[in-house]
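In: Here is a sequence with its predicted model. Questions after.
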Amino acid sequence: MAKRGQYFRRLAQRLSLTPAELDTHLVTHGISNEEHLALLLHEGPQLDLFAEAA
């Protein structure tokens with residue numbers, strides 16, 4: 001959880017946004033689960049790195 005907090009704090013600093021503005025930014029620039037699944041299907045299968053290493 002600490003890493004996630006650091007990421008969002010740095011993102012807000014980089015974009016010069018308040019926490020409320022960052023929330024709005026994330027909501028407006030986010031994609032839906034359906035859009036995410038469509039992107040994954042469009043890109044093709046992803047490699048399983050753990051299977052490759054074994």
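Out: It's in.
In: Touching, Leu22 and Gln13? I think so.
Out: No. Applying Cβ atoms under 8 Å as the test, Leu22 and Gln13 come out as separate, 9.8 Å apart. C-betas here are computed from N, CA, C, even on glycine.
In: of the two, who's got more company?
Out: Higher neighbour count among Leu22 and Gln13: Leu22, with 16 against 10, using other Cβ atoms under 10 Å.
In: Quick one: residues contacting the residue nearest to the more buried one when sequence neighbours are not counted.
Out: The shortest distance from Leu22 to any residue other than its chain neighbours is 4.5 Å, reached at Ala12 (Cβ to Cβ, 6 or more residues apart in numbering). When contacts are counted by Cβ atoms under 8 Å, 6 or more residues apart in numbering, Ala12 is found next to Thr18, Pro19, Glu21, Leu22.
In: how about the top helix by length along the chain: buried residues?
Out: For the chain, the helix reaching the highest residue count under DSSP state H is reported as helix 2-15. Of the residues in helix 2-15, those buried by neighbour count under the rule 16 or more other Cβ atoms under 10 Å are Ala12.
In: could you point out which element follows it?
Out: Sequence order places helix 19-29 as the next helix or strand after helix 2-15, per DSSP states H and E.
In: just the angle between that following helix and helix 2-15, please?
Out: Comparing the axes of helix 19-29 and helix 2-15 via axes from the mean of the first three to the mean of the last three Cα atoms, to 10 degrees yields an angle of 90 degrees.
In: C-alpha coordinates for helix 19-29, PDB please?
Out: Extracted as PDB, the C-alpha positions of helix 19-29 are listed here (Å, rounded to 0.1, in the frame of the first residue of the first chain):
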ATOM      1  CA  PRO A  19      -6.000  15.200  -4.300                       C
ATOM      2  CA  ALA A  20      -9.500  16.000  -5.400                       C
ATOM      3  CA  GLU A  21      -8.300  17.100  -8.900                       C
ATOM      4  CA  LEU A  22      -6.200  13.900  -9.100                       C
ATOM      5  CA  ASP A  23      -9.300  11.800  -8.400                       C
ATOM      6  CA  THR A  24     -11.200  13.600 -11.200                       C
ATOM      7  CA  HIS A  25      -8.200  13.100 -13.500                       C
ATOM      8  CA  LEU A  26      -8.100   9.400 -12.800                       C
ATOM      9  CA  VAL A  27     -11.800   8.900 -13.400                       C
ATOM     10  CA  THR A  28     -11.900  10.900 -16.600                       C
ATOM     11  CA  HIS A  29      -8.800   9.200 -18.000                       C
END
